[in-house]
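>>> following is a predicted model, sequence given first.
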Amino acid sequence: MRNYIEHFSILSRRNKIALQIVLDSMLLAISFLGAMLLRLESLDFAGQPGIWGALLSSIMATLLAFWGLGLYRVVVRFITGRVLIIIGKGAVVAAISLFAAGLVFDASIPRSVPIIFAVFAFLSVGGLRFAARTYFRNPNHLNKRPVIIYGAGEAGLQLLNALFHGQEFAPVALVDDDPSLQNLGIGGLRVYSPDRIPRLVHETGARVILLAIPSLGRVRRREIVSALEDLQLEIKTIPGMSDIISGKAKISELRTVSAEDLLGRDPVAPDTELLGRNITGRVVMVSGAGGSIGSELCRQILTQNPSVLVLYDVSEFALYAIEAELSATAVRLLHQTKVVPILGSVQHSRRLEAAIKGFKVQTIYHAAAYKHVPLVEENVVEGIRNNVFGTLAITLAAQKLGVENFILISTDKAVRPTNVMGATKRIAELICQAHAQEASSTVFSMVRFGNVLGSSGSVIPRFRAQIEAGGPVTVTHKDINRYFMTIPEAAQLVIQAGALGQGGDVFVLDMGDPVKIMDLAFSMVKLHGLIPYMVDHPDQVLPEKGDIPVCVTGLRKGEKLFEELLIGNNPAPTKHPRIMTASEVSLPRDALMAVLDRLLQACEAFDLPAIVIILHELPLEYAPSSTEISDLLWRADHDTDEQQSMAIEAGIRT
C-alpha cells in the first residue's frame, strides 16, 4: 500500500486528477451497491438493465458536479474541513440524479436508496481523501523532524496547520498549561499537560519544542525554558504578537529561543504623553545615531512623528544603514518626518553648531560614546576626547543655540568607576550638571542604566559565537553579575525620563534583578541543545563530560565584579514606576572647567600619569583595580610598569 501511495505522489497533476476520478467512480458504484444491499438484503436487482443505466447516469452527474464545484482542484495533502462542503453538495447531486435516472430508466429503485447512496458516497469519497492526507502528513512517511508544540490556543492551531503544509517539521503532540484544553483533540493531535513533556520526548523521538504563545511574557517564558533546558532539546519560538499583527513576521517564521528572550522583564506600558512630549512635531537630533542604543532611540522617536529627525554619527556605514531603515519606516508609517543623516564627530564644535543651527534642533539625545571598557582602558586619550570633550562640545553648542531639551545617555559604570570609560561617563554627567546650574533655556538631564541586550560589546553575542565555534565559553569571574535590559525598553524609558527632566536631573532606570554571568553562560549552552561542563583552562577539552567547556579567565582590565546604579542611597520615585531620580554630587561650572582645561592639556601632551591624577581629583570616586597604566601607546613608549606606578602614586600623594 505504501509503495502505491508513494507512486501516486510523484505522478503529474493531470494523472493525479484522472486517478481521483477513477477512484471516485468506483466508490460511487460501491456506495450504490451498499445502499441497495442494505435496503433489499439481496442481489436480485443485479439482473435489471435499468438499474445499471440509472447508476451510470448518476455517477457521471456526480463526477461533473465534483468537477464544477472544484473538488479536483484541491491538493489532497493540504485539504481542510471545507472540502466536506464540496463533497456534501456532490452527494446531494448524486441522490437527486439517481432518483431522476431511476424514473427515466424505469428502474425499481426504492425511494430510500438515493438517500442511503448519498450518505455512503459522502463518507467514502471524503474518507478516502482524509485518509490520504493523514498518510502524507505522517512523519514516519516523510523526511520531517517530529516536534512538540507548546501552546494549543489559536496561535498553536495556526502553527499546526502551517507545519502540516511545510516540509521541515511534523507536529506529534500539543502541550498547554490550560487544564481545560488538556486531553482534548485539536487538529488531530492530543493536548497534554507540560509535565508529560519528558515522556512525550521519549515516546515520539521529538528533539524540538516550538513555543506557540506569542503573548507569552518574559517571566513565564523563562520558567518554561528553565523547566525544559535539562532535556537537551532545541527550543524554538514564533514571532511576538506585535510583529504578527503589524505584518513584520508570519506565525510560521520560527527562530531559536535566545538568551535575549529570557533576560529582562515584562515591559510596562509606556506613558504616551511622556513619549511624545519632547518629540512630536519637533526637530530632534540623536548623536551616535548608528549605535545600538542610538539606533533604537531613533526607531522609537520616529514612531512619535517628529517633524525632522537629525541623525549624527561619525561612522559612515552605521549612518547609512540607520538612515535607509528609518526612511523606509517613515514611508510605511505614512509619516512626514524628514530624516537627515549628518556625518560628523561630536568632538567638532563647528560641525555640531552648524547641524543644530541649520535644522533648528529642539531636542538632543546624546548617545555618542566609546563604551567598551577594555578598549577605552587601552586607548585612554581617545576615550577622554570622545566621551568627555565630545560631551562638552555638544552641551556648549546646545546651550549656545537654545536647544530646549538635552538628554545624556549615561551608564551604571559611571557609579564609583573602576575604569577609564566609567570615569569619562561620570565626568560627562558632571558637565551636564554644571550646565544645568547656569541660567539657560536648555533643560539638561541624564539617564543612567546598565547593560542592554544585543548591544555592541555585549557578552551575549560573544557567548553565542563561542558556542557556535564549539567552545570554550569564557567567563571572567564565577561570581560576576550584570543588570540587563532590552534595547527597546531602555530606549522608551530614556525618552520618558527625558520628558520628566526639570534641569540637572540624574535619572536611574529600574534594571530589575542582576543576572549571574556564569548562569547565563550555562543557560545559553543548554538553549543550543548542548551540555556544558566546567574546565580549569580554555585549552582543556573533555568530551566525555559534555559538549561545550566553560572556564573562568579572570577579570579584564577595569572590569567590576558588581555594577551599581546609584552613588548615594537616596533615590526618589517619579510618576513612572521604573524611573527614579537621584541627587548626586556636582561641581560649579567654573571649578569643573578649570579641571577640564588641565585634563585637555594632559591629553594633548599624552601625559597619562597626569590624566590619572586628575581623574582622582574629580568627585568621581574613581578607584581603579590597578595602578598600572594599560594604554597601549603609553606602554609601548615606556620601559617598565614600575616607572608608571611610581609616577602615578607620587602624583596622587602630592
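Right, received. Where do you want to start?
>>> any idea how far V381 is from V74?
Relative to V381, V74 is positioned 72 Å away (Cβ to Cβ, to the nearest Å). Where you see a C-beta, it was placed from the backbone N, CA and C, and this is true even at glycine.
>>> now do A170
Separation of A170 from V381 (Cβ to Cβ) stands at 60 Å.
>>> ditto for S193
For S193 relative to V381 (Cβ to Cβ), the value is 62 Å.
>>> the more surrounded of these two?
Legend: neighbour count by other Cβ atoms under 10 Å for S193 and V381, higher for V381 (19 against 14).
>>> need the contact list for that one.
The contact partners of V381, by Cβ atoms under 8 Å, 6 or more residues apart in numbering, come to C603, F606, L608, I611, D631.
>>> filter the residues you listed down to the buried ones, ChimeraX style.
To isolate the buried members of the contacts of V381 in ChimeraX, using 16 or more other Cβ atoms under 10 Å:
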select :603,608,611,631
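>>> which of the contacts of V381 lies closest to A65?
D631 (86.3 Å; Cβ to Cβ).
>>> and the closest one, backbone torsions?
Phi and psi for D631, reported as degrees, to the nearest 10, are phi -60, psi 130.
>>> if we ignore the residues flanking it in sequence, what's nearest it?
V380 (4.6 Å; Cβ to Cβ, 6 or more residues apart in numbering).
>>> now stretch 144-160: average pLDDT?
Mean per-residue pLDDT for stretch 144-160: 82.
>>> give the buried residues for it.
Neighbour counts over stretch 144-160 (16+ other Cβ under 10 Å) mark 144, 146-153, 155-160 as buried.
>>> ditto for stretch 156-175
Buried residues in stretch 156-175 (16+ other Cβ under 10 Å): 156-164, 169-175.
>>> helices and strands around the host helix or strand of I364, which ones?
Using DSSP states H and E, I364 sits in strand 363-366. With contacts defined as 3 or more Cβ pairs under 8 Å, 6 or more residues apart in numbering; DSSP states H and E, the packing partners of strand 363-366 are strand 283-287, helix 292-303, helix 390-400, strand 405-411, helix 487-500.
>>> indicate which one of these is closest to K557.
Shortest distance between K557 and the helices and strands packed on strand 363-366, using Cβ to Cβ, is found for strand 405-411: 16.9 Å.
>>> what's the angle between that closest one and helix 390-400?
The directions of strand 405-411 and helix 390-400 differ by 170 degrees, with axes from the mean of the first three to the mean of the last three Cα atoms, to 10 degrees as the criterion.
>>> which elements pack onto strand 405-411?
Counting contacts by 3+ Cβ pairs under 8 Å, 6+ apart, strand 405-411 packs against helix 292-303, strand 363-366, helix 390-400, helix 420-437, strand 443-449, helix 487-500.
>>> give me the sheet partners of that strand and which way each runs.
If you go by DSSP bridges, strand 405-411 pairs up with strand 363-366 (parallel), strand 443-449 (parallel).
>>> what mean pLDDT does that strand have?
What strand 405-411 shows for mean pLDDT is 93.
>>> now do it: distance to the chain's middle.
26 Å (Cα atoms, centre = their mean, to the nearest Å).
>>> how much space between W67 and L28?
14 Å.
>>> with neighbour numbers in mind, choose between these two.
Per other Cβ under 10 Å, whichever of W67 and L28 has more neighbours is L28, with 26 against 14.
>>> list the contacts of the more buried one.
Contact analysis of L28 by Cβ under 8 Å, 6+ apart lists S58, I59, T62, L63, A94, A121, S124, V125.
>>> which residues touch the closest residue in space to it that isn't next to it in sequence?
Using Cβ to Cβ, 6+ apart and skipping residues adjacent in sequence, the residue nearest L28 is I59, 4.8 Å away. Residues counted as contacts of I59 (Cβ under 8 Å, 6+ apart) are S25, L28, A29.
>>> checking I59 next. Helix, strand or coil?
On the three-state scheme (DSSP: H, G, I helix; E, B strand; the rest coil), I59 is labelled helix.
>>> check what pLDDT it gets.
Looking at I59, its pLDDT is 89.
>>> and Y622, that's in a helix?
No. Under three-state DSSP, Y622 falls outside any helix and is assigned coil.
>>> in the stretch 501-650 of the chain, where is pLDDT below threshold?
For the stretch 501-650 of the chain, the stretches with pLDDT under 70 are 540, 543-544, 558, 562-570, 639-650.
>>> that older thread, quick one: closest of the helices and strands packed on strand 405-411 to L274.
Evaluated over those, closeness to L274 peaks at helix 487-500, with 4.1 Å, by Cβ to Cβ.
>>> next one: the closest one to chain centre, how far?
Going by Cα atoms, centre = their mean, where helix 487-500 is centred and where its chain is centred differ by 19 Å.
>>> CA atoms only: put it into PDB for me.
Listed next in PDB are the C-alpha coordinates belonging to helix 487-500 (Å, rounded to 0.1, in the frame of the first residue of the first chain):
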ATOM      1  CA  ILE A 487      17.200  47.800  23.900                       C
ATOM      2  CA  PRO A 488      13.500  48.800  23.100                       C
ATOM      3  CA  GLU A 489      12.600  49.100  26.800                       C
ATOM      4  CA  ALA A 490      15.800  51.100  27.500                       C
ATOM      5  CA  ALA A 491      15.100  53.500  24.600                       C
ATOM      6  CA  GLN A 492      11.500  54.000  25.700                       C
ATOM      7  CA  LEU A 493      12.500  54.700  29.300                       C
ATOM      8  CA  VAL A 494      15.200  57.100  28.200                       C
ATOM      9  CA  ILE A 495      12.700  59.100  26.200                       C
ATOM     10  CA  GLN A 496      10.200  59.200  29.000                       C
ATOM     11  CA  ALA A 497      12.800  60.100  31.600                       C
ATOM     12  CA  GLY A 498      14.000  62.900  29.400                       C
ATOM     13  CA  ALA A 499      10.400  64.300  29.300                       C
ATOM     14  CA  LEU A 500      10.400  64.300  33.100                       C
END
